[in-house]
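A.B. asks: please find the sequence and the predicted model below.
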Amino acid sequence: MRPLASYASDPARSRGRLHRGAGGETRGPRDAYQRDRDRIIHSIPFRRLRQKTQVFIAPDGDHFRVRLTHSLEVAQIGRTLARALGLNEDLTEALCLAHDIGHPPFGHAGEDALKAAMAEAGGFDHNAHTLRLLTRIDTPYPHHDGLNLSWETLEGLAKHNGPVAAPNWALAEADAEFPLDLSCWPSLEAQVAAAADDIAYDNHDIDDGMRAGLLTLDDLLSVPLVARSWRAVTHRHPHADPARLLPEMVRDQIGRMVNDMLDETRRRIAGAGVKSPDDVRAAGRALAGFSAEMAAEERELKTYLYAHMYRAPPVAAIAAKARKLLSGLFAAYRADPTLLPQGWQIEGGDTAQIRRIGDFIAGMTDRYAITRYRELVGDSELPEGF
């Protein structure tokens, strides 16, 4: 096993789990973070990611990415970064695999619909719902709710995008039960997981956008980072079929971004003088990140993808229909909570009912949401193909 850097998270020094002495700790020679990763992989919410939207509706096309394949790609990049920096790879992988586990069906369109439907009960946030799902809703163990993950994993999921000044109700509940120091920066493993997420979707969404016919190579070459990567691969392979060069360009670009992040993160670590995980949390700023030059190029790429892909009229039209579907489904359950399956029906006031319905819908896959809508409301307007 590779030695860890002094600022890496050490499972032997974990702050532990909420439920102590829960049993099962003799199941194989695994440390705390390896157990967390395995619990996530074996969970039902993780399996449901295979039918949840990344950009394109999950039932639409076998080759488009879904939340599951995206999470696996993030984990691969995250482990590479963690290994090169001497961080804990297992904690990094656990965070990468679970970072999107709280997403509702239909991606950000579904989140917008739930946020509006649950406004009077505090709204909905997929990141906070990740904590709620892993600490309360998923209940595979006999004596406690949740997966009973380590403090470091829960902290990293709560704060992988940085300190949280104003947690919504779901994250506030999780923090009240097991305080996560929301006001400070998280571990370097969590910061690396967030960076791996950016690198993965920046580049793999190019591949999906080209496959969907929303992006063209000529237009993509207006983005400086893409143009630079394309020049490099065409110089190395001057006679190759352009169709084969596109995946090579994406790989090349991932490598550029990974190498830039490693160089910049090492520079920041050295400049901050951090020697321990506590030093990382007390640094007061992100230590994992791109150089100023790469950060500017990455922002340009994101701007392009938002304009030409995420907000493209065909995608926006389907997103509007997905929002309508989830809003209609929520309204049906709100009008008659007895339509919820046994085990989901509860006694309680409006806030409790709204949050319960939100929990149930957020756990649905795209396909299950469409099926339930057809049963309870009527035919869905979502197209069969993109």
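C.D. replies: Structure received.

A.B. asks: please make it C-alpha for all contacts and neighbour counts, starting now.
C.D. replies: Fine.

A.B. asks: just checking, what's the longest helix in the protein?
C.D. replies: Counting residues, the longest helix found in the chain (DSSP state H) is helix 242-272.

A.B. asks: that helix - what's its average pLDDT?
C.D. replies: Helix 242-272 comes out with an average pLDDT of 95.

A.B. asks: could you measure from the most centrally placed residue in the chain over to Arg30?
C.D. replies: Among the residues of the chain, Asp100 comes closest to the average C-alpha position under Cα atoms, centre = their mean, at 2.8 Å. Distance of Asp100 to Arg30, given as Cα to Cα, to the nearest Å: 24 Å.

A.B. asks: cool, Gly328 as well?
C.D. replies: 45 Å.

A.B. asks: comparing these two, which residue is more hemmed in?
C.D. replies: The residue with more neighbours, out of Gly328 and Arg30, is Gly328; 18 against 12, by other Cα atoms under 10 Å.

A.B. asks: re earlier: quick one: the longest helix of the chain to chain centroid distance?
C.D. replies: On the basis of Cα atoms, centre = their mean, to the nearest Å, helix 242-272 sits 20 Å off its chain's mean C-alpha point.

A.B. asks: in the helix or strand following it, what's buried?
C.D. replies: Downstream of helix 242-272, the next assigned helix or strand under DSSP states H and E is helix 277-282. Buried residues in helix 277-282, defined by neighbour count with 16 or more other Cα atoms under 10 Å: Pro277, Val280, Arg281.

A.B. asks: for the stretch 1-150 of the chain, give me the ranges with low pLDDT.
C.D. replies: Within the stretch 1-150 of the chain, the stretches with pLDDT under 70 are 1, 21-26, 58-61.

A.B. asks: again, only this time at 50
C.D. replies: Within the stretch 1-150 of the chain, no stretch falls below the threshold (pLDDT under 50).

A.B. asks: so what secondary structure elements neighbour the longest helix of the chain?
C.D. replies: Under the contact criterion of 3 or more Cα pairs under 8 Å, 6 or more residues apart in numbering; DSSP states H and E, helix 242-272 touches helix 67-85, helix 188-211, helix 224-236.

A.B. asks: again, only this time at 10 Å
C.D. replies: Counting contacts by 3 or more Cα pairs under 10 Å, 6 or more residues apart in numbering; DSSP states H and E, helix 242-272 packs against helix 67-85, helix 188-211, helix 217-220, helix 224-236, helix 277-282, helix 292-305.

A.B. asks: okay if I get those helices as JSON lines plus distance to Leu149?
C.D. replies: Converted to JSON lines, these look like this (distance: least, Cα to Cα, whole Å):
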{"stretch": "helix 67-85", "distance to Leu149": "18"}
{"stretch": "helix 188-211", "distance to Leu149": "15"}
{"stretch": "helix 217-220", "distance to Leu149": "42"}
{"stretch": "helix 224-236", "distance to Leu149": "39"}
{"stretch": "helix 277-282", "distance to Leu149": "19"}
{"stretch": "helix 292-305", "distance to Leu149": "33"}
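
A.B. asks: pLDDT and distance to Val164 added to the buried residues of helix 277-282, as CSV?
C.D. replies: Formatted as CSV, the buried residues of helix 277-282 follow (pLDDT from 0 to 100; distance: Cα to Cα, whole Å):
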residue, pLDDT, distance to Val164
Pro277, 97, 18
Val280, 97, 16
Arg281, 96, 13
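
A.B. asks: which single one of these is nearest to Asp252?
C.D. replies: Of all the buried residues of helix 277-282, Asp252 sits closest to Val280, with 30.4 Å by Cα to Cα.

A.B. asks: for Glu177, see how far away that closest one is.
C.D. replies: Counting by Cα to Cα, the gap from Val280 to Glu177 is 24 Å.

A.B. asks: go on, Pro3?
C.D. replies: Distance from Pro3 to Glu177, by Cα to Cα: 33 Å.
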